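>>> Have a look at this prediction, sequence included:
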Amino acid sequence: MKLEGANELRARLKNVRLTFKDYGRVWGDDAAADMRRRVPVDTGRLQRSIRRRNATQRKAVVVGHYTANFVDAGSVAHDIAAKNGPRLIFTGRSGRTIFAKKVHKDRIAPRRFKRPSALAAIRKNPMKKTMIDLWNKAA
């Protein structure tokens with residue numbers, strides 16, 4: 001017994017299996033673009049670092065500079081002490097060199113941008129549309 005359209009069905013099922021790879025690329029690019037719009041900008045380094053790293057059949061990864069986690073989640077107040085000597089030596093915002101035994105960093109309030117951007121990208125690009133397009137393209 002021979003099944004008519006078996007090759008077309010196999011091609012369609014293969015495309016459905018690969019749906020997330022194409023969807024992940026689109027979602028990752030949209031999420032990264034939205035994150036760049038939402039992130040607070042001081043120097044622009046963090047904003048420029050946000051990008052889609054990859055998209056596989058299982059996941060899509062959007063990355064940025066490690067400071068994105070501190071901006072998104074905030075931080076608690078803490079002290080920074082010298083480890084490799086008796087003093088911390090750094091240049092302040094005014095351009096002066098500062099010597100100190102320890103420095104107190106104030107709390108930083110969270111500025112959420114990662115999750116809202118990811119959810120906005122999902123709402124903007126429903127996966128079912130990508131799946132239907134790939135199903136129709138395979139036949």
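It's in. The shown structure was predicted, so the numbers you read here are calculated from the model rather than taken from an experiment.

>>> So what's the residue count around the nearest residue to residue 20 once chain neighbours are set aside?
Spatial nearest neighbour of residue 20, excluding adjacent residues (C-beta to C-beta, 6 or more residues apart in numbering): residue 57 at 5.5 Å. All C-beta spots, glycine's among them, are computed from the backbone N, C-alpha and C. Residues near residue 57, counting by other C-beta atoms under 10 Å, number 11.

>>> and residue 57, what does it touch?
Contacts here follow C-beta atoms under 8 Å, 6 or more residues apart in numbering; on that basis residue 57 touches 17-18, 20-21.

>>> In the helix or strand encompassing residue 133, which residues are buried?
In this assignment (DSSP states H and E), residue 133 forms part of helix 127-138. Going by neighbour count (16 or more other C-beta atoms under 10 Å), the buried part of helix 127-138 is 130-131, 134, 138.

>>> How about stretch 78-93?
For stretch 78-93, using 16+ other C-beta under 10 Å, the buried residues are residue 88.
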